[in-house]
Every structure is written in structure tokens, then in C-alpha cells.
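Trainee: give me the fold of what follows.
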Amino acid sequence: MFITFEGIEGCGKSTQAKKLKEFLEQKNYSVLLTREPGGSKLGTTLRKILLSMENQDITKETELFLYLADRSQHVHTIIKPALKENKVVISDRYIDSTVVYQGYGRDIDPNVIHLLNELATNKLCPDLTILLDLPVEIGLKRALARNLNNKTAREEGRFEAESLEFHTKIREGYLTWAALNKDRIVVINGENSPEQVFQEILLALKNRLEI
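Mentor: Sure, this is the predicted structure:
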């Protein structure tokens, strides 16, 4: 099974993805937890380029193709092999991030991005996507607080440094895209306590995986 987590900066998806991995392992599932960008060896280099505060001049088209390159390598060298081994794969961000950030956020046609995603992934789509939604102001406050206490996160803060208007477009884009993909994307209120959020994640997973 392939599960992805999505959401604006500071929504708590990384925390919940890790929590789900630990829970499923306790249920005797073999689990791979990965992320984008940076899930593959090549992706580690691309992540540094894409998220570095030093690269403020990346064009939106360059940004899009770098994410697609990261994703293609990630899918073919990490995700697909794990799925073939019957592992549960959990990815912190995947195709929907690019549709939303580069599509709704950077004003590149989301339908074009969807087609490019299909090419990059050979049409590998998640079985379930968890979208953690919360107000932009709360998410950014969390993300900036995290960055203050984490040198790596601070160095990877290019998107946190974007305007409030940009982040508002991202949140609205996620909700719009989720409404168009209701069979796959489950929206969960990220303002709730971490434990309450996790229980809702398990509820969304219940009919898709024996837990």
C-alpha cells in the first residue's frame, strides 16, 4: 500500500507520517517512510538546491522540473522496489505537492503538471493521501518556530520565506484539488491535538488496510 501526506508548511504531516510508521510496524507491517524532495540518493542533492535559502532566483519552470526529476528517481529507485516487496510505503509529500505549489502557487497549469507527474511516476498514484489542513497563520507560526530550533530546517526555509499571499494560495489549492480527488484524498483538521489527528488518520485507513 502507498500512503502520502500533504499540507501547508507546519501542518504536522512529518510528525504524523512517523507516528503512522511506528504504529504499523507494531502491527507487524514492513514499512518504508520516505519523503520528497530527497527520498533518493540523487534527491538528496536536489533537495539542497530546491529548499536552500540561497536559491531565491530559481524560476518556476526550473523549480517544477527539478521536483519532477527528484520524483522520477524516487519512484523508480525507492518506492516501486519497496512496493514490490509488499512494504507499506509512506511518503512525506508526493505528486499533489507539485500540483499545488507549482500549479496553484506558481500559476502553472495544474492539468499540465498532472500529466508531467504521470510521466515522471509512470502513473504511480497513492492508494490514500492524508491532507492535514489548518489556517496559514498557524502553520507558518509552527514552521518558523521549528526552524529556529533546527539548523537544517532553517537552511531549508525557502518556502517558509514566501509571502502570506502565496501560502494562502497553497492552502486554497490543496482544498480545491482535494475536492477534485475525493476518492483518494482525505482532509483532516490539523488544528486538533496530534493524538486526535492520528485517530482520524487511522479511521481513514481502516477500510483500506487491516489494522
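
Trainee: skip the chain neighbours and tell me the closest residue to residue 189.
Mentor: Excluding its sequence neighbours, the residue lying closest to residue 189 (CB to CB, 6 or more residues apart in numbering) is residue 133, at 6.4 Å. Backbone N, C-alpha and C define where each C-beta goes, glycine included.

Trainee: show me what contacts residue 88?
Mentor: Residues touching residue 88, when contacts are defined by CB atoms under 8 Å, 6 or more residues apart in numbering, comprise 1-3, 24, 29-32, 209.

Trainee: helix, strand or coil: sort out the residue of the chain most remote from its centre for me.
Mentor: Centroid-distance maximum for the chain: residue 28 at 24.9 Å, with CA atoms, centre = their mean. When the structure is split into helix, strand and coil by DSSP: H, G, I helix; E, B strand; the rest coil, residue 28 lands in coil.

Trainee: backbone dihedrals for it, please?
Mentor: Dihedral pair for residue 28: phi 70, psi 20, per degrees, to the nearest 10.

Trainee: top helix in this structure by residue count?
Mentor: In the chain, taking DSSP state H as the definition, the longest helix is helix 164-180.

Trainee: mind checking what helix or strand follows that helix in sequence?
Mentor: Using DSSP states H and E, the next helix or strand after helix 164-180 towards the C-terminus is strand 185-189.

Trainee: just want the angle from that next one to helix 164-180.
Mentor: Between the axis of strand 185-189 and that of helix 164-180 there is an angle of 130 degrees, by axes from the mean of the first three to the mean of the last three CA atoms, to 10 degrees.

Trainee: then the very next helix or strand once past strand 185-189 to CSV, C-alphas only?
Mentor: In the C-terminal direction, the helix or strand that comes right after strand 185-189 (DSSP H and E) is helix 194-206. Below are the C-alpha coordinates for helix 194-206, written out as CSV (Å, rounded to 0.1, in the frame of the first residue of the first chain):
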residue,chain,number,x,y,z
PRO,A,194,-1.7,15.3,17.5
GLU,A,195,-3.4,12.3,19.1
GLN,A,196,-6.8,13.3,17.7
VAL,A,197,-5.4,13.9,14.3
PHE,A,198,-3.7,10.4,14.4
GLN,A,199,-7.0,8.8,15.4
GLU,A,200,-8.7,10.3,12.3
ILE,A,201,-5.8,9.1,10.2
LEU,A,202,-6.4,5.5,11.5
LEU,A,203,-10.1,5.9,10.7
ALA,A,204,-9.3,6.9,7.1
LEU,A,205,-7.0,3.9,6.8
LYS,A,206,-9.4,1.4,8.4
